[in-house]
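Enquirer: Here you go, sequence then predicted model.
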Amino acid sequence: MLRNATTTSSIRNFSLPLSLLLLSLFLQACVGNPNCYESKEVLVYCGFYSSETGKAGSIEKVSVRGLGSDSLIYNDKTLSKLALPLRSDAQESVFIIEIEQSSIVFRDSLSLSHTNNEWFISMECGCIVLHTLLDARPGGASFIDSVCIVNPEIKNAVTEHVKIYL
């Protein structure tokens, strides 16, 4: 009987360090790769500006959707800038922008020509697609006066790439 008590005691003494080792391995596996972006989506940022004064401004009741996409990116929002996902499977992304004023909907489009460049982050994170803007054009149908590319390199950073003059 004394021998069994000693065996049980040594198992208890061994199980505590083993439990701590397993816990530390589990917690280490939960730590993310610091080189991995939280979001692998790269967005183009467009600001709204007055064509008369050149000053930044905001617009009420803005809705935006990508051409060829069923989902709305923005729906009846007040915005001073847009964050738009570019197509990684095409060289051009077109967005339909609608503004409602006094129950009248004004519709225009924004066409962005771009290159797509895959960038390898790491084995854990995989790749993201970076873009370079080549051209930006308004649809000319309604309220967009002109557009100007201010930063053609689109990476995973919040920086303005296109100015939209209204």
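Expert: Great, that's in hand.
Enquirer: Contacts only, for the closest residue in space to residue 115 that isn't next to it in sequence.
Expert: Nearest residue to residue 115 in three dimensions, chain neighbours excluded: residue 132, at 4.7 Å (C-beta to C-beta, 6 or more residues apart in numbering). (Glycine included, C-beta is placed from N, CA and C.) Contact analysis of residue 132 by C-beta atoms under 8 Å, 6 or more residues apart in numbering lists 114, 115, 117, 152, 153, 154.
Enquirer: repeat that for 6 Å
Expert: 115, 152, 153 (C-beta atoms under 6 Å, 6 or more residues apart in numbering).
Enquirer: ok, now residue 143?
Expert: Counting by C-beta under 6 Å, 6+ apart, residue 143 has contacts 106, 108, 166.
Enquirer: Could you do residue 82 as well?
Expert: Contacts of residue 82 (C-beta under 6 Å, 6+ apart): residue 46.
Enquirer: Tell me the bridge partners for it.
Expert: Here residue 82 sits in beta bridges with residue 46, going by DSSP bridges.
Enquirer: Likewise for residue 165?
Expert: Per DSSP bridges, the residues bridged to residue 165 are residue 49, residue 146.
Enquirer: Just the pLDDT for it.
Expert: According to the prediction, residue 165 has pLDDT 96.
Enquirer: distance of residue 164 from residue 99?
Expert: Per C-beta to C-beta, to the nearest Å, residue 164 is found 11 Å from residue 99.
Enquirer: Then residue 148?
Expert: Relative to residue 99, and taking C-beta to C-beta, residue 148 is found at 20 Å.
Enquirer: more neighbours, these two?
Expert: Taking other C-beta atoms under 10 Å, residue 148 and residue 99 do not tie; residue 99 has more neighbours (20 against 10).
Enquirer: Enumerate every residue touching the more buried one.
Expert: 59, 62, 106.
Enquirer: Please name the bridge partners of it.
Expert: residue 62, residue 106.
Enquirer: Can you check the pLDDT for it?
Expert: At residue 99, the model reports a pLDDT of 94.
Enquirer: still on that earlier bit, return the list of strands paired to the strand or helix carrying the residue nearest to residue 115, each annotated with direction.
Expert: Under the criterion of DSSP states H and E, residue 132 resides in strand 126-138. Using DSSP bridges, the strands paired with strand 126-138 are strand 104-122 (antiparallel), strand 153-154 (antiparallel).
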